[in-house]
Structure formats: C-alpha cells, structure tokens
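J.: Got a predicted structure plus its sequence, pasted below:
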Amino acid sequence: MKTLFISHPASLQHLTPEGHPERPDRIRAINKVFSEERFNPLIRVEAPMTELETVALCHPMDYVKAIRDAAPKEGMIGLDGDTVMSPGSFEAALRAIGGATLAVDEVVAKNADNAFVAMRPPGHHCETAKPMGFCIFNQAAIAARHAQKKHGLERVAIVDFDVHHGNGSQEIFWADPTVMYCSTHQMPLYPGTGDKSERGDHDQIVNAPLRPNDGGEQFREAFVSRILPRLTAFGPDLIVISAGFDAHTRDPLANLNLVEDDFAWATKEIMEIADKRAGGRVVSILEGGYDLRGLSQSVAAHVTALMRG
C-alpha cells in the first residue's frame, strides 16, 4: 500500500497570536510522530505552491487577490475575530492548496493509493468569499473541484469528521449535485450550521450532528446510519476527507469524547467504500485538532489506517 505524505516547512510560518489554538506546534507534533520508524514506508513529498487560478476554482479571483494584498509585511492582521495572517500565511495557504491538488493528481495517476496532506491553515470553514474559523481558503473544496476540472472525475464526496461543522464546504457545494458533503460534528457549537435539515439543493448534503459529551458509540452510529449508506449510494469517483481531530476527548475546543481508535475506524469505513466505488481513491486533508497529544495520536491512527496497517 503506497500512502503519500505531503507537508512543507511553510506551514510553520503561518503565525498566530500567543495562546491561539491553531498554532505551528500542531505541525511540529505531527512531524514528530511521523519520524517514527513505523512510518518509514510513507512516500514523503513537499507541497508545491499553487497558482491563483487554482484557488479560483472555488473562490472569486477578486477575493483571492484581496487576501494576497491583505498579507502583512510584518506583524499580524485579523481577517475576522479568529482568523489571522502573518507575513508567511499566504505562502502557507497556497502550499496547503498545492499539497491538496498534488495529492489528487498522484492518487488519480495511481502513483499512490491514497494521501494525507499535513498542512495549515485549515480550510473547511472558508466560504466562497469569506474567511473564518482559522481558515483562509478551502483546500478540501478546491481539491474536489480540481479532481473534476483537471481529471474529469464526475462525482466527488467530501467526508468531514472535524468537531466543527464545515460550513464553507457546505456553502460552496450547496447547489452542486456532483459533490456530496457529509459531516459529523458537535451541535450546538461554532459555527452554528450543520442541522440535519440542511440538505442542499439536490439532497447531497448529509449532516449527522452529535450532542455534547457524545463518544465513539454515537459517532459510529452516526456514520453507520446516516453517512455510509448515503456515500455508498452516491458512488463517488474520489473521496476527500476533511480530517479534523478536535472531536478527541482531550481537545479543548469542544465536548466530544472520541479516541484514536474511532478515527481509525472511520478511516477504514471510508476506505472500504472507496475500494468498492472509487477505485480506492482517498485524499485526506488536515483540518482541526488542538490538543497536541490527542492530535498526534489521532493522526497516527488515521494514517496507519490509510497504510492499511
């Protein structure tokens, strides 16, 4: 099994204020765990810079250029109450997208069976023209659209198990019958979207909200009863995972009680559908996860599952 691991040191140059949960130490914790011998078989590649035209697959060019022009020469600026840019943020965001699209290219070309993209900032809260929730651009959405535009894949599914609902991915694909968006998330919680009644214009949005203090049993039930059957019926040509690990019991930003085995289980279930429906094609993209121990252990379990370990 060939699993691609995509990262880049530019992720460390997206700086946030002291005490901000979305911080460079997240990547350092991930890099440390992937230095272990058990991950030697990973194919390691650095994330390239993407072109602005690729970003514009999901975001208006005026928005893309406004973000570029907003990047400070020094210090930090706030795009909203949670989302900041430092001098290195724009390159980090472009490489996060470049890593996501490279992962699609390599998986579709069968140079890798699947891929994990360990980049920041995260993306799933960013709407068509609105940065929010630590997110500047939506790389999972761009990866899905890139798969369609460059490779001619007809149907792409995004499965999001971040503890926060991916309002941006939902908004971008609300009216698109060719992209399914499925999410488990805590509710009520930021950003306030993700009710079961939110189904998209073509019934291709599948939300499975969980209650505060729910754990692995409720998470797995939500997958089995709501997400996996719909994913199977949709029959995607590619599955993109918005891999957030802040539903871990240690995470400070929410109140779910998942453990590493829950993320590994979900990964294997997604892979099983990909094997049957999508030629095994899975691209996983890092989203949230803010307790460094919980994050590193969960990412390790997730990628071990991708490696079919």
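T.: Here it is on my side, so go on. Numbering: from 1, shown residues only.

J.: Only C-alpha atoms from now on, for both contacts and neighbour counts.
T.: Noted.

J.: Do you have the strands of this protein handy? List them.
T.: 3-7, 43-46, 77-78, 84-85, 114-117, 156-160, 179-186, 205-210, 238-243, 282-286 (DSSP state E).

J.: Same list as before, the ones you listed that is, but in a markdown table and with distance to His14 and mean neighbour count included.
T.: Below are these laid out as a markdown table (distance: least, CA to CA, whole Å; neighbours: other CA atoms under 10 Å):
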| stretch | distance to His14 | mean neighbour count |
| --- | --- | --- |
| strand 3-7 | 14 | 25 |
| strand 43-46 | 16 | 15 |
| strand 77-78 | 12 | 14 |
| strand 84-85 | 7 | 24 |
| strand 114-117 | 16 | 28 |
| strand 156-160 | 23 | 26 |
| strand 179-186 | 26 | 28 |
| strand 205-210 | 31 | 24 |
| strand 238-243 | 19 | 27 |
| strand 282-286 | 15 | 30 |
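
J.: and those as a markdown table, adding distance to Val55 and mean pLDDT?
T.: Shown next, in a markdown table, are the strands of the chain (distance: least, CA to CA, whole Å; pLDDT from 0 to 100):
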| stretch | distance to Val55 | mean pLDDT |
| --- | --- | --- |
| strand 3-7 | 18 | 98 |
| strand 43-46 | 19 | 98 |
| strand 77-78 | 21 | 97 |
| strand 84-85 | 17 | 98 |
| strand 114-117 | 17 | 98 |
| strand 156-160 | 18 | 99 |
| strand 179-186 | 17 | 98 |
| strand 205-210 | 23 | 98 |
| strand 238-243 | 17 | 99 |
| strand 282-286 | 16 | 99 |
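
J.: Looking at the ones you listed, which is nearest to Leu15?
T.: Smallest distance to Leu15 across those (CA to CA): 7.1 Å, for strand 84-85.

J.: List the strands paired with that closest one, with their directions.
T.: With DSSP bridges as the test, strand 84-85 is paired with strand 77-78 (antiparallel).

J.: hmm, who's touching the partner strand?
T.: 71, 84-86 (CA atoms under 8 Å, 6 or more residues apart in numbering).

J.: need the strands of the chain in TSV with distance to Pro17, can you?
T.: TSV is the format used below for the strands of the chain (distance: least, CA to CA, whole Å):
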stretch	distance to Pro17
strand 3-7	22
strand 43-46	26
strand 77-78	10
strand 84-85	8
strand 114-117	24
strand 156-160	27
strand 179-186	26
strand 205-210	30
strand 238-243	24
strand 282-286	21
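
J.: so the longest helix seen in the chain versus strand 3-7, what angle?
T.: Taking DSSP state H as the criterion, the chain has its longest helix at helix 89-108. If you take axes from the mean of the first three to the mean of the last three CA atoms, to 10 degrees, helix 89-108 sits at 170 degrees to strand 3-7.

J.: CA atoms only: put helix 89-108 into CSV for me.
T.: Taking only C-alpha atoms (Å, rounded to 0.1, in the frame of the first residue of the first chain), the coordinates of helix 89-108 have been written out as CSV:
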residue,chain,number,x,y,z
SER,A,89,0.4,33.0,5.8
PHE,A,90,-0.3,33.5,2.1
GLU,A,91,2.5,31.1,1.0
ALA,A,92,1.4,28.6,3.7
ALA,A,93,-2.2,28.8,2.4
LEU,A,94,-1.1,28.4,-1.3
ARG,A,95,1.1,25.4,-0.4
ALA,A,96,-1.8,23.9,1.6
ILE,A,97,-3.8,24.0,-1.6
GLY,A,98,-0.9,22.9,-3.7
GLY,A,99,-0.5,19.9,-1.4
ALA,A,100,-4.1,19.0,-1.7
THR,A,101,-4.2,19.2,-5.5
LEU,A,102,-0.9,17.3,-5.8
ALA,A,103,-2.4,14.6,-3.7
VAL,A,104,-5.4,14.3,-6.1
ASP,A,105,-3.0,14.2,-9.1
GLU,A,106,-0.9,11.4,-7.6
VAL,A,107,-3.8,9.3,-6.4
VAL,A,108,-5.7,9.7,-9.7
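
J.: Please tell me how far that helix is from the chain's geometric centre.
T.: 12 Å (CA atoms, centre = their mean, to the nearest Å).

J.: Poorly predicted segments of the stretch 201-309 of the chain, please.
T.: Scanning the stretch 201-309 of the chain for pLDDT under 70 picks out nothing.

J.: Helices of that one, start to end?
T.: 216-222, 228-234, 260-277, 292-306 (DSSP state H, counting those that start in this stretch).

J.: how far off strand 238-243 does the longest helix of the chain point, in degrees?
T.: 140 degrees.
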